[in-house]
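Asks: Return a 3D structure for these sequence lines:
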Amino acid sequence: MAITVQNFIKLANYYNQTTMLMSAICVQKGGIAMENYVGRFYAADVLEYVVEYGRRLLQGTPNISPEIKSLVERFAAQFERVRDLTTPTQKPIHEMTLAEFEKLMNI
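Replies: All right, here's what the predicted structure looks like:
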């Protein structure tokens, strides 16, 4: 996928629709708090992708509109609040070799 403003807007809209759907699900399930909803981890991963895409868009495109720059900054600030909910990038323990596990655990 080429890094373009149109694709960034599509990704941003997808994230916004996802959060709107999550909110509706929380209301439907009896008004549970968003921070207790299991889908928050997925939303954090999507937001991480949107922020990284926006960062690369700003680096690769010389004359981006101020609205897009502002949107990227808002998503980045929002991501900082949920950074700890993202999926780790390392292998799961059950897929590691013994040597990888020992290195991870500092044994």
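Asks: can you give me the helices for this protein?
Replies: Here the chain has its helices, by DSSP state H, at 5-28, 40-60, 66-82, 98-105.
Asks: weakest of those helices in terms of mean pLDDT?
Replies: Ranked by mean pLDDT, the helices of the chain end with helix 98-105 at the bottom, a mean of 78.
Asks: Who are the packing partners of that helix?
Replies: Packing partners of helix 98-105 (3 or more CB pairs under 8 Å, 6 or more residues apart in numbering; DSSP states H and E): none among the helices and strands. Just so you know, the C-beta spots here come from the backbone N, C-alpha and C atoms, and that holds for glycine as well.
Asks: Dump it to PDB, restricted to CA.
Replies: C-alpha atoms of helix 98-105 as PDB (Å, rounded to 0.1, in the frame of the first residue of the first chain):
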ATOM      1  CA  LEU A  98      15.100 -22.800  25.100                       C
ATOM      2  CA  ALA A  99      18.000 -20.500  24.200                       C
ATOM      3  CA  GLU A 100      15.700 -17.600  23.300                       C
ATOM      4  CA  PHE A 101      13.700 -18.100  26.600                       C
ATOM      5  CA  GLU A 102      16.900 -18.100  28.700                       C
ATOM      6  CA  LYS A 103      18.100 -14.900  27.000                       C
ATOM      7  CA  LEU A 104      14.700 -13.300  27.600                       C
ATOM      8  CA  MET A 105      14.700 -14.300  31.200                       C
END
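Asks: start at 57 instead
Replies: OK, 57 is where the count begins now, so the last one is helix 154-161.
Asks: starting at the chain centroid, how far to that helix?
Replies: Remark: helix 154-161 is offset 28 Å from the chain centroid, using CA atoms, centre = their mean, to the nearest Å.
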